[in-house]
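**Q** I'd like to go over a predicted model; first the sequence, then the structure.
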Amino acid sequence: MYTKDGKDYFVVDGHTHFWDASPANWVAGQEQYAKGWIECFHAYQHLGPPETHWPLDKFQRYGEETMVRDLFEEGYVDKAILQSTYLREWYRNGFNTVDGNGSMVERYPDRFIVNGRFDPRDGDEGLATLERDAKRWNLKGVKLYTAEWRRGSRGWTLKDPEAHRYLERCEQLGIVNIHVHKGPTIWPLDKDAFDVSDVDHAATDFPGLNFIVEHVGLPRIEDFCFMATQEPNVYAGLSVVVGGLLHARPRFFAKVMGELLFWVGEDKMLFGSDYAIWEPKWQIERLMSWDYPDDGEFADYPRLGEAGRRKILGLNAARLYGIEVPSGTGLEAGQPSLVGE
């Protein structure tokens, strides 16, 4: 729980990971990619405040106790959504798997929510796995990584007919929150695979699903904003926006937030720390005190007030995931809770 000026704010960190990128998990013969991937991640960490930087060996595998402390004991987070990214071409046991994340849910059921994943290139076998995961973990969301390499293929798109089969099954299983990685590239993946245009296609075809575009398509912010304005079921996942820009590029952060607030709106923006690239503590503290630079350049953007900060920090995610919001942390008195709407 975050408290500011005597008021409590409910926090849902919508984008966290429990990964293992240690050398012991690298696929033989693919070490250059496993090493390069995690070193690229680690380089992004340096966009945060210097005192929050980790040594590479800790970053590769930080462990359960570190994660619990950083998120819940020091980081103000009430609920954390664990997102899955497999990368089995480079990591023997997977980089960040549903079962690995699920182990955290088993130990901390009141703290974590696990999201599944799918890759349409897995065909019928992948559909069966999705169904098993949905039943085991009561999935309400999945994380999709359209740029992931697999057996010579260097990515896929939500426009693929096979992807539609998986989205149809998600609807049938009650998996309504589709988180799609669309943001800055990570070596050695292809930049084109992070384009947001396929989300537009899928969101129109599946109006009953919520498409949370993680990292808002950066650096393609205009493309994302116009698409998310058109599609009522497209949401802005703010991981990387906050962690990558608020400290290192404050004026660009103001522009990105201003565009999101103007086009997408505070009702469709979700906080995510992208842990363990960045810790949530400093991001939440700075976001809660943030305002545009006072020089007139940003005068035509909407301001972010208390109600908007509450929505972005936790209430919007609570609505999408059916999370109960504690009394005293919802919107202003007299307004209904977002949960169940």
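**A** Perfect, I can see it now.

**Q** Show me where this protein has its strands.
**A** Listed in chain order, the strands of the chain (DSSP state E) span 2-4, 7-9, 12-16, 79-82, 112-114, 116-117, 141-144, 177-181, 210-214, 234-237, 269-270.

**Q** what's next to the third one, contact-wise?
**A** The one in question is strand 12-16. Residues from elsewhere that reach strand 12-16, judged by CB atoms under 8 Å, 6 or more residues apart in numbering: 67, 71, 75, 77-83, 179, 212, 214, 237, 239, 270-276, 280, 313-314, 317-318, 321, 323. All C-beta spots, glycine's among them, are computed from the backbone N, C-alpha and C.

**Q** hey, where'd the helices end up in this structure?
**A** 31-45, 56-60, 64-68, 98-107, 123-137, 161-173, 197-205, 221-230, 250-259, 280-289, 306-310, 316-321 (DSSP state H).

**Q** Between helix 98-107 and the fifth one, find me the angle.
**A** So the one you mean is helix 123-137. Angle of helix 123-137 versus helix 98-107, following axes from the mean of the first three to the mean of the last three CA atoms, to 10 degrees, is 10 degrees.

**Q** which of the residues in helix 123-137 are buried?
**A** Going by neighbour count (16 or more other CB atoms under 10 Å), the buried part of helix 123-137 is 126-127, 129-130, 133-134, 137.

**Q** Can you get me a residue count around the nearest residue to residue 164 once chain neighbours are set aside?
**A** Using CB to CB, 6 or more residues apart in numbering and skipping the chain neighbours, the partner closest in space to residue 164 is residue 205 (6.9 Å). Using other CB atoms under 10 Å, the number of residues around residue 205 comes to 13.

**Q** cool, residue 238 as well?
**A** Neighbour tally, residue 238, other CB under 10 Å: 28.

**Q** Wait, it touches residue 270, no?
**A** Yes - between residue 238 and residue 270 a contact is recorded at 6.3 Å, counting by CB atoms under 8 Å.

**Q** list the residues that contact both of the two?
**A** residue 312.

**Q** that older thread, make a ChimeraX selection of the buried ones in the contacts of strand 12-16.
**A** Here is the ChimeraX command that selects the buried residues among the contacts of strand 12-16 (16+ other CB under 10 Å):
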select :67,71,75,77,78,79,80,81,82,83,179,212,214,237,239,270,271,272,273,274,275,276,280,313,314,317,318,321,323
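
**Q** Over to stretch 62-79 now: how far is its first residue from its last?
**A** 19 Å (CA to CA, to the nearest Å).

**Q** got it, and stretch 61-76?
**A** 22 Å.

**Q** Tell me how far that stretch lies from the chain's centre.
**A** Centroid displacement of stretch 61-76 relative to its chain, using CA atoms, centre = their mean, to the nearest Å, is 17 Å.

**Q** Which positions within it qualify as buried?
**A** For stretch 61-76, the neighbour count (16+ other CB under 10 Å) marks 61-62, 67-68, 70-72, 75-76 as buried.

**Q** Pick the one among those residues closest to residue 6.
**A** residue 76 (15.4 Å; CB to CB).

**Q** just to revisit the earlier point, out of the buried residues of helix 123-137, the closest to residue 119 would be?
**A** residue 126 (6.1 Å).

**Q** Isn't the closest one up against residue 117?
**A** No - contact criterion CB under 8 Å: residue 126 and residue 117 do not qualify, at 9.5 Å.

**Q** Touching, residue 187 and residue 40? I think so.
**A** Yes - the pair residue 187 / residue 40 is scored as a contact, 4.5 Å apart, by CB under 8 Å.

**Q** higher neighbour count, these two?
**A** Neighbours were counted for residue 187 and for residue 40 using other CB under 10 Å; residue 40 has more, 15 against 11.

**Q** Report whether the expected contact of that one with residue 184 is present.
**A** No - the criterion here is CB under 8 Å, and residue 40 misses it with residue 184 at 9.5 Å.

**Q** need the contact list for residue 232.
**A** Residue 232 sits in contact with residue 207, where contact means CB under 8 Å, 6+ apart.

**Q** I meant to write residue 8 there.
**A** Residue 8 sits next to 1-2, 326, 328-329 when contact means CB under 8 Å, 6+ apart.

**Q** What of residue 284?
**A** Residues near residue 284 by CB under 8 Å, 6+ apart: 2, 11, 75-76, 271, 313.

**Q** 10 Å - rerun?
**A** 2, 4, 9, 11, 13, 75-77, 242, 271, 273, 309, 313 (CB atoms under 10 Å, 6 or more residues apart in numbering).

**Q** same deal with residue 146?
**A** Taking CB under 10 Å, 6+ apart, we find residue 146 in contact with 119-120, 155-158, 160, 163, 180-182, 189, 193-195, 198-199.

**Q** same check, this time on residue 25
**A** Per CB under 10 Å, 6+ apart, neighbours of residue 25: 19, 34, 38, 60-61, 90-95.

**Q** what does residue 165 give?
**A** When contacts are taken as CB under 10 Å, 6+ apart, residue 165 is in contact with 118, 120, 123-124, 126-127.

**Q** so can I have JSON lines of the residues you listed showing distance to residue 30 and pLDDT?
**A** Output for the contacts of residue 165, formatted as JSON lines (distance: CB to CB, whole Å; pLDDT from 0 to 100):
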{"residue": "118", "distance to residue 30": "22", "pLDDT": "96"}
{"residue": "120", "distance to residue 30": "23", "pLDDT": "96"}
{"residue": "123", "distance to residue 30": "23", "pLDDT": "95"}
{"residue": "124", "distance to residue 30": "27", "pLDDT": "96"}
{"residue": "126", "distance to residue 30": "21", "pLDDT": "96"}
{"residue": "127", "distance to residue 30": "27", "pLDDT": "97"}
